[in-house]
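> All I have is the shape, not the residue letters:
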């Protein structure tokens, strides 16, 4: 009944084909099949945000998505986000502001923060908090994370303004 | 935990999905955005024999203007509802409430129809559908049928959907000129389900009262529920505190891990009074 299914998708720009059980969640596929362990599994019911990845450009919970549902999609994980250099300023700001302690939430937090920053402008602190409200951090108390995101938004807006 | 095993089929059309469900029997589930279903599976609260993935049926996605109404495809994602100009213009109640549905990453996957079909007692979209007098378009083995929101939500996660029947669209009448909306909810954490919530539509003013009122509470009973007492008081032109005083009269209110029954009744009254006061203030200012 639960016959394995062959899927092909793109992860961080590289095509991957594999045969998976229908019940395999995307987060387990990323970690165990694709060996990309930067994406973390926390609560397994969509509340903590540790497993957040990009699917066709939008943030999603990889614990609330079957690997078979990702057929034909483009997934981006923290590994891709870091390697591409596109979010280097955000990663650097997290580092400098001590927005990372144990690191468990960081990959998901960065994907969510990057999604907000991609909307452009300089969001106020309440908007930043609202956007990362689905990403739990039990270490930092969020203050330093909001500091980091706010700084990147300001810097990027300044650069965009200077270039216009 | 990990989900138990199940078979997986992807349907290309709504008709194919219904046919697959008929073949598979009562233990099959339709998989839309999966933001509630897959969480339930991960915790083995449900162990279906088959998931029928309807997520790629294009005909069930999008918002269309039809005669006097907006017709929302069941697979329209929460994020698409939030970004829709049509929704913002014609259904400001939904436009406001959608931002209280979970978190951005959930709204990117979760679907409008999925939320309605699941009928969580504390969810925002079923309450809005009830307040707006939505009509549910269902497709079953015997063909399509329509069910009014008032007859759709029957109990705890229980709706008028028969086994194997699929919610395809939700048609929401555009409120008449002079109507206004109210929405408020109390939750301990941002994006969490409501401990108590209110979604309401008030008809045009007639003297001190209103032409009609649809007052819906969520998170306090086994489903989103209308309050006939509050509606009658509002139509009759009673003061906000009088309407609030009878907010949950005659309703079966349940306590849960968040709050006792009496607390929930109190929350409901407070939410209604606040929103009626706000509307009254705004209308007096004009």
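In hand now; what should we look at? Model, not experiment: these values are computed from the prediction.

> From residue A:108, how far off is the closest residue to residue A:41 other than its chain neighbours?
The shortest distance from residue A:41 to any non-neighbouring residue, by Cβ to Cβ, 6 or more residues apart in numbering or on different chains, is to residue A:27 (5.0 Å). Just so you know, the C-beta spots here come from the backbone N, C-alpha and C atoms, and that holds for glycine as well. Shown here: residue A:27 relative to residue A:108, a distance of 10 Å by Cβ to Cβ, to the nearest Å.

> Identify the residues contacting the residue of chain B found nearest chain A.
Closest contact between chain B and chain A, by Cβ to the nearest Cβ, is at residue B:103 (2.5 Å). Neighbour list for residue B:103: A:49, A:133, A:134, A:135, B:190, B:191 [criterion: Cβ atoms under 8 Å, 6 or more residues apart in numbering or on different chains].

> So for it, what's the nearest residue that isn't a sequence neighbour?
residue A:134 (2.5 Å).

> so residue B:241 is in which element?
Using DSSP states H and E, residue B:241 falls within helix B:240-245.

> just checking, the residue nearest to residue B:103 touches residue A:112?
Yes. Judged on Cβ atoms under 8 Å, residue A:134 makes contact with residue A:112 at a distance of 7.0 Å.

> residue ranges of the strands in the stretch 1-150 of chain B, please?
B:7-10, B:28-31, B:50-53, B:63-66, B:69-73, B:135-140, B:143-148 (DSSP state E, counting those that start in this stretch).

> The stretch 151-286 of chain B now?
B:153-155, B:158-159, B:166-173, B:180-186, B:196-202, B:205-206, B:209-210, B:213-218, B:225-226.

> who does the second one touch, helix- and strand-wise?
Meaning strand B:158-159. Strand B:158-159 is packed against no helix or strand, with contacts defined by 3 or more Cβ pairs under 8 Å, 6 or more residues apart in numbering or on different chains; DSSP states H and E.

> Not counting that strand itself, show me its contacts.
For strand B:158-159, the surrounding residues in contact (Cβ under 8 Å, 6+ apart) are B:116, B:117, B:119, B:152, B:153, B:223.

> Apply 6 Å and report the result again.
B:119, B:152 (Cβ atoms under 6 Å, 6 or more residues apart in numbering or on different chains).

> Tell me which strands that strand pairs with, and in which orientation.
Applying DSSP bridges to the sheet, strand B:158-159 is found paired with strand B:153-155 (antiparallel).

> Can you give me the buried ones in the strand it pairs with?
residue B:153 (16 or more other Cβ atoms under 10 Å in any protein chain shown).

> Please apply the same query to stretch A:113-121.
A:113, A:114, A:115, A:116, A:117.

> closest to residue A:159 among those?
residue A:117 (12.4 Å; Cβ to Cβ).

> Is the helix or strand where that closest one lies positioned near chain B?
Here residue A:117, judged by DSSP H and E, is contained in helix A:106-118. No. Using Cβ under 6 Å from any Cβ of the partner chain, helix A:106-118 stays clear of chain B, with a minimum separation of 6.7 Å.

> What's the mean pLDDT across that helix?
The pLDDT scores in helix A:106-118 average 98.

> same thing with stretch B:127-140?
98.

> Name the residues that touch it?
So stretch B:127-140 is in contact with B:14, B:18, B:93-94, B:97, B:116, B:145-149, B:152, B:162, B:165-173, B:199-201, B:214, B:216, B:218, B:224, going by Cβ under 6 Å, 6+ apart.

> Show the model's pLDDT score for residue A:1.
Residue A:1 is assigned 57 on the pLDDT scale.

> for the residue in chain A that chain B sits nearest to, helix, strand, or coil?
Distances between chain A and chain B by Cβ to the nearest Cβ are smallest at residue A:134, namely 2.5 Å. What DSSP: H, G, I helix; E, B strand; the rest coil gives for residue A:134 is coil.

> thinking again about what came up before, quick one: residues contacting the residue nearest to residue A:41.
A:39, A:41, A:51, A:62, A:63.

> hmm, try it at 10 Å
A:39-42, A:44, A:50-53, A:61-65, A:67, A:77 (Cβ atoms under 10 Å, 6 or more residues apart in numbering or on different chains).

> And residue B:62, by the same measure?
B:71, B:72, B:73, B:75, B:76, B:80, B:84, B:169.

> Over to residue A:13?
Contacts of residue A:13 by Cβ under 10 Å, 6+ apart are A:74, A:75, A:76, A:80, A:83, A:84.

> of the residues you listed, closest to residue A:2?
Checking the contacts of residue A:13 against residue A:2 by Cβ to Cβ gives residue A:75 as the nearest, at 23.1 Å.

> That closest one belongs to a strand?
Yes. If the criterion is three-state DSSP, then residue A:75 is within a strand.

> Please name the bridge partners of it.
Bridge pairing for residue A:75 - DSSP bridges - gives residue A:11, residue A:55.

> Leaving out sequence neighbours, find the closest residue to residue A:37.
Nearest one to residue A:37, counting by Cβ to Cβ, 6+ apart, is residue A:31 at 5.2 Å.

> Pull up the gap between the one you found and residue A:121, please.
Residue A:31 is 34 Å from residue A:121, by Cβ to Cβ.

> Over to residue A:65?
29 Å.

> Show me what the helix holding residue B:241 is in contact with.
Counting by Cβ under 10 Å, 6+ apart, B:213, B:215, B:227, B:229-239, B:266, B:268-281 sit against helix B:240-245.

> if we can go back for a sec, the residue of chain A closest to chain B and residue A:115: what is the separation?
11 Å.

> Now list whatever residues contact both of the two.
A:52, A:59, B:104, B:105.

> Quick check: of the residues you listed, which lies closest to residue B:46?
Of all the shared contacts of residue A:134 and residue A:115, residue B:46 sits closest to residue B:105, with 22.2 Å by Cβ to Cβ.

> Tell me who's in contact with the closest residue to the closest one other than its chain neighbours.
In this structure, residue B:105 finds its nearest non-sequential neighbour in residue A:59, 4.2 Å apart by Cβ to Cβ, 6+ apart. By Cβ under 10 Å, 6+ apart, the contact list for residue A:59 reads A:49, A:52-53, A:76, A:108, A:111-116, A:118, A:131, A:134-135, B:79, B:103-109.

> Remind me which helix or strand residue A:59 belongs to.
Judged by DSSP H and E, residue A:59 forms part of strand A:58-61.

> Distance to residue B:260 for the buried residues of stretch A:113-121 - can I get that in TSV?
Formatted as TSV, those follow (distance: Cβ to Cβ, whole Å):
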residue	distance to residue B:260
A:113	38
A:114	42
A:115	39
A:116	38
A:117	43
